[in-house]
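Enquirer: Mind folding the following:
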Amino acid sequence: AHRTSPTNIGLYLLSTVSARDLGWIGTVEALERLEATLETMGKLQQCHGHFYNWYDTRDLRALEPRYVSSVDSGNLAAHLLAVANAAREWADTVMTPGNYVAGVEDALSLTRQALHALPDHLWTQSTLCGQLDTQHDELATVLCGIDVSRGEHAAQLQNIATHGATLVDIARTLASDASNDACSDLLFWSDATHRSIESWRRDAGRTPQAAAVLRQRLLSMSTVTRAMAFAMDFGFLVDPHRKLLSIGFRDADGTLDPSCYDLLASEARLASFIAIAKGDAASRHWFRLGRQVTPVGNGAALISWSGSMFEYLMPSLVLRAPAGSLMEHTSRLIVQRQISYGDELGLPWGISESAYNARDVEFTYQYSNFGVPGLGLKRGLSADAVVAPYATALAAMVDPEKATRNFARLADLGALGRYGFYEALDYTRSRLPAGTRFAVVRAFMAHHQGMTIVAITNVLLQGIMRTRFHAEPRIQATELLLQERSPRDVSVAHPQAEEVRATRRIDSIPLTDARRLRTVHEATPQAHLLSNGRYAVMVTGAGSGYSRWNDLGITRWREDLTRDDTGSYIFLRDVESGKGWSAGYQPCGVEPDSYQVCFTEDRAEFVRT
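Expert: Modelled structure (predicted):
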């Protein structure tokens, strides 16, 4: 999908910072990636310092209709501030072996997994697998033997680089000898190991002069990102009557969207916090955000619009929820509720907005809000069961142990691909082929992958992104708002009656059968549509219909219920008796002894005797 949004861009910047924090890439490579992105951002059209909601990544034009999204701008501004302080931090720190050893070991571990996933016949038919295994062990031994107290990083990296290059050469030879997806994965991770080593070698080989230049570039980038964040004017996005942030600004007619963000437990609270910190909104704006609560176990949590993990925890990538505060209390309770709801349905837990198992004519997955019934104001939340792995990553910032176990469960179900976890597992019966329990939504969404990386970085490095964001003086001056305790007298929102029945196990719900017809003599004809995105066929229960290639009609269609005799037909003839008939009821109209039509997601079946 050749488009990007401010949230996507902000999370890419944070992901790049995370990659350096976790040792996957060096400082020079991280800086080059960040500088290149910021340079491109400088070429994008803006409005009041804000970036538009969507841009085409091929020609950088803002997509129509041009729209400034309050929540997207809040995300980007906050992420830019975290990046600015990360750059300043890097300018004053020196690389240590611990940085790169951990990163290289990550890639090496994934190489080992790919190696042992190779089919058995490759191990028996080729000596390369054994050589690769030996080379892997030697590189792991070298990494373990690095003396952290020594300062000769360049010499140490040269040693492991030699082993890394050999690892790639063997993997490349093996992949060329045996065409296999597993070999492709092995080559991918072997190359990733080598690239990680080479990235850190660039850092270790710097002269004092080059180090001084690098420091100046980091400080300059810090200044640019901070200026870009503070250039966004949130004041014009505040509804003058309701004193709330409008959902956005319509550039075409120069008006604010009439709808506003009015809940504290939403992804927009980060934008509200930024607006107050900048002085674009008054502090009292914070207390105009709704604080309705709903019972959860023995406590009460703030209610959101759709009860999704995204609404509650996405701001926590950079925004603190102090211990004992209203948001910290809510975060713990909603993760507990997400886990218990998954247990009630017999599913992995973690429900949030995501793509699901339905596609448009171009085969693009559709996208919607999903959440836990009772946590959201939105009706109909119990109608869907869509598990999004990135929700587990967000929850890891609250309960990392249970999140780790859920990740393992998702991986066992086939939700893990080369680029991370797939977008979602859809357990909604109405969208599943007969006989299947769930469908894997095989897509990767940039902002969900970014949230996953940043959330895990926070877990492993003690909330490092939040520390950087709160290092900004204007943020420190505003963070007293986050100390809010749970109020004694609150408005309680009870779940909708329709949602209370949502606690049945998924496997106790009968499978939705395919549409089956046993006669064609109905007042209203039954029809089925099949398409691959370009070629489309409509077929009725009688076997008639039409077909189209894009906008070209292959067969003509006449909506005549009395005849229903257009389409492409299969005829059969008994060579002994000479009798003939059509596979479907039409166009011959011969009454069969028995007749059954089955319409399923991928085909139409006609069975007649």
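Enquirer: send the alpha carbons of the helix or strand encompassing V104 over as PDB?
Expert: Using DSSP states H and E, V104 falls within helix 97-116. Taking Å, rounded to 0.1, in the frame of the first residue of the first chain, the C-alpha atoms of helix 97-116 are listed here in PDB:
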ATOM      1  CA  PRO A  97      30.300  -4.100  23.400                       C
ATOM      2  CA  GLY A  98      27.100  -4.800  25.300                       C
ATOM      3  CA  ASN A  99      25.200  -2.800  22.700                       C
ATOM      4  CA  TYR A 100      26.200  -4.700  19.700                       C
ATOM      5  CA  VAL A 101      26.700  -8.200  21.200                       C
ATOM      6  CA  ALA A 102      23.000  -8.400  22.300                       C
ATOM      7  CA  GLY A 103      21.800  -7.200  18.800                       C
ATOM      8  CA  VAL A 104      24.000  -9.700  16.900                       C
ATOM      9  CA  GLU A 105      22.900 -12.500  19.200                       C
ATOM     10  CA  ASP A 106      19.300 -11.700  18.400                       C
ATOM     11  CA  ALA A 107      19.900 -12.200  14.600                       C
ATOM     12  CA  LEU A 108      22.100 -15.200  15.300                       C
ATOM     13  CA  SER A 109      19.300 -16.800  17.300                       C
ATOM     14  CA  LEU A 110      16.900 -16.400  14.500                       C
ATOM     15  CA  THR A 111      19.500 -17.900  12.100                       C
ATOM     16  CA  ARG A 112      19.700 -20.900  14.400                       C
ATOM     17  CA  GLN A 113      15.900 -21.300  14.300                       C
ATOM     18  CA  ALA A 114      15.800 -21.100  10.500                       C
ATOM     19  CA  LEU A 115      18.600 -23.600  10.300                       C
ATOM     20  CA  HIS A 116      16.800 -26.200  12.400                       C
END
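Enquirer: Could you list the residues in contact with it?
Expert: 22-26, 129, 132-133, 136, 139-140, 143, 146-148, 150, 153, 156-157, 160, 164, 167, 171, 182, 185-186, 188-190, 192-193, 196-197, 200 (C-beta atoms under 8 Å, 6 or more residues apart in numbering). Every residue, glycine included, has its C-beta placed from N, CA and C.
Enquirer: what does stretch 556-567 give?
Expert: 525, 538-540, 542-547, 555, 586-587.
Enquirer: Let's have these in a markdown table, adding distance to F599, secondary structure and neighbour count.
Expert: As requested, the contacts of stretch 556-567 are exported to a markdown table (distance: C-beta to C-beta, whole Å; DSSP: H, G, I helix; E, B strand; the rest coil; neighbours: other C-beta atoms under 10 Å):
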| residue | distance to F599 | secondary structure | neighbour count |
| --- | --- | --- | --- |
| P525 | 12 | coil | 14 |
| M538 | 11 | strand | 18 |
| V539 | 8 | strand | 23 |
| T540 | 10 | strand | 22 |
| A542 | 13 | coil | 26 |
| G543 | 12 | coil | 24 |
| S544 | 14 | coil | 27 |
| G545 | 12 | strand | 24 |
| Y546 | 16 | strand | 18 |
| S547 | 16 | strand | 18 |
| T555 | 19 | coil | 14 |
| Q586 | 16 | coil | 21 |
| P587 | 20 | coil | 17 |
